[in-house]
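Undergrad: model this:
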Amino acid sequence: MRLIRRTLQLLVLIQDSPRRTAVAFALGVFLGFSPLIGVHTILGLALAYALRLSKIGVLIGIYMNSPWVIVPYYGFATWFGVKITGIPEGTSLPDISFRQIFRWEFWQALVDQYHLLIPAAVGSTILAVLFSLLAYPLALHALRKFLPRRHAAVGTHT
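TA: Predicted structure coming up:
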């Protein structure tokens with residue numbers, strides 16, 4: 001609940017219409033939960049610039065997928081993708097420790113398991129679309145509800 005409240009507080013500060021702010025946020029949510037790990041921030045800023053959307057709104061959406069969420073989310077997204085694509089279960093990476101990710105053998109095992117990339121991409125793309133489709137109306141509703149308070153506090157009227 002605190003995350004939702006803080007997110008809304010940040011979105012309300014954006015000097016744009018509720019609709020455009022909600023679009024920026026939903027785009028960020030899509031990118032943050034998409035399979036584009038590692039490039040979502042750069043891509044989000046580029047799209048915000050190209051579409052003339054709030055860069056802050058996009059970044060807020062992107063970072064809804066936090067370090068606390070990323071591992072369970074992509075694990076679930078991969079499982080979901082396996083269910084959708086029909087790739088047989090039982091395909092997984094070997095158990096590894098943190099130190100092993102710095103060894104060549106880990107990366108070779110990852111490449112050997114390339115068939116998990118398609119289910120991961122499919123699952124996370126579908127979930128990213130669903131999350132962004134939910135994020136837009138929720139953000140728009142909340143912004144329309146709370147923006148009059150901001151304008152009243154500042155002394156401006158729209």
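
Undergrad: ok, Ile56 - contacts?
TA: Ile56 is in contact with Leu10, Leu13, Ile14, Ala24, counting by Cβ atoms under 8 Å, 6 or more residues apart in numbering. All C-beta atoms are positioned from the backbone trio N, CA, C, and that covers glycine.

Undergrad: how much space separates the third one from Arg144?
TA: Ile14 sits at a distance of 14 Å from Arg144 (criterion: Cβ to Cβ, to the nearest Å).

Undergrad: more neighbours: those two, which one.
TA: Between Ile14 and Arg144, counted using other Cβ atoms under 10 Å, Ile14 has the larger neighbour count: 20 against 13.

Undergrad: lowest average confidence, helix or strand, in the chain?
TA: helix 104-112 (a mean of 63; mean pLDDT, DSSP states H and E).

Undergrad: tell me where the chain has helices.
TA: Chain-ordered helices for the chain, with DSSP state H as the definition, fall at 2-12, 18-33, 40-51, 55-62, 67-85, 104-112, 117-154.

Undergrad: which positions in the longest one come out as buried?
TA: For helix 117-154, the buried set under the neighbour-count rule, 16 or more other Cβ atoms under 10 Å, comprises 119-125, 127-128, 131-132, 135-136, 138-140, 142-143, 147.
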